[in-house]
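**Student:** coords below, sequence missing:
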């Protein structure tokens, strides 16, 4: 049903419906975002649970210390920042950037007084989240120095970007990570398993609008609503950027798994 609505309904209708649904969820205690008006920019579910999850991932998958400098790629209105700022000690640092000015304004108003946190608006063009943006994604330099970041992450970010921009973001991640630094990425990956699951109707999304040889979307009119990538292409671009996949991909529940670490496919990568 969700996939059908995404494919058939205009985006304003989808977003209005999502806000109504989130209001109902909050009313029965199933999620409490810090700013309900921005729920469409931060994903479904409970903010506190999301913040706790990223802290657990940083510890279990990357061994991030409390003194780390963290880069949140596509930070939204600060959903993950709340958990991370609770984990980092007084010497830790958090930098987040996002294409949505509304999201950055919200994060800044709630969390900007914390001297460890910096929130930056990246005016990148994106049909889904910033249609009037002035910069293409492949021209944006991450707002931190080279070799300065201990841990970087992009959750539900590449799912709204075209391949050329993803390729650039991977290279920028490698540039800003310290040698041996760790990153977490989520994405919708196309492989034999996910294709079979899509054909059988077991997935949350059906990526049947081909964009090119390595990517597909759920919506030909606004591809950035949700984009998936061939896993071989994604892994090749990781390697070309100077990043190495650390262990197996944690396949997500979107592909019909009853139990998984995350909704999207989750990857742990390291800089050589």
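**Tutor:** It's in. On a predicted model such as this, the values are computed, not experimentally measured, just so you know. Numbering: from 1, shown residues only.
**Student:** For burial, what's the neighbour tally of residue 88?
**Tutor:** 23 (other Cβ atoms under 10 Å). C-beta: built from backbone N, CA, C; applies to glycine.
**Student:** Also residue 149?
**Tutor:** Residue 149 has 24 nearby residues by other Cβ under 10 Å.
**Student:** Bridge partners for it, pull those for me.
**Tutor:** residue 177 (DSSP bridges).
**Student:** Let me know the pLDDT of it.
**Tutor:** pLDDT recorded at residue 149 is 98.
**Student:** if you average pLDDT over the strand or helix carrying residue 85, what comes out?
**Tutor:** In this assignment (DSSP states H and E), residue 85 forms part of helix 79-87. For helix 79-87, mean pLDDT rounds to 93.
**Student:** cool, and stretch 113-126?
**Tutor:** 97.
**Student:** That one: end-to-end distance?
**Tutor:** Taking Cα to Cα, to the nearest Å, stretch 113-126 runs 29 Å from one end to the other.
**Student:** ok, and for that stretch, which residues are buried?
**Tutor:** 116, 117, 118, 119, 121, 122, 124, 125, 126 (16 or more other Cβ atoms under 10 Å).
**Student:** mind checking which helix or strand residue 240 is in?
**Tutor:** Element membership of residue 240 [criterion: DSSP H and E] is helix 231-241.
**Student:** actually residue 151, sorry about that
**Tutor:** Per DSSP H and E: residue 151 is located in strand 149-154.
**Student:** For this protein, which segments count as strands?
**Tutor:** 69-73, 93-98, 117-121, 149-154, 177-190, 209-212, 215-217, 227-230, 243-245, 265-271 (DSSP state E).
**Student:** In CSV: those, plus distance to residue 111.
**Tutor:** Converted to CSV, these look like this (distance: least, Cβ to Cβ, whole Å):
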stretch, distance to residue 111
strand 69-73, 11
strand 93-98, 9
strand 117-121, 5
strand 149-154, 17
strand 177-190, 20
strand 209-212, 35
strand 215-217, 32
strand 227-230, 29
strand 243-245, 29
strand 265-271, 25
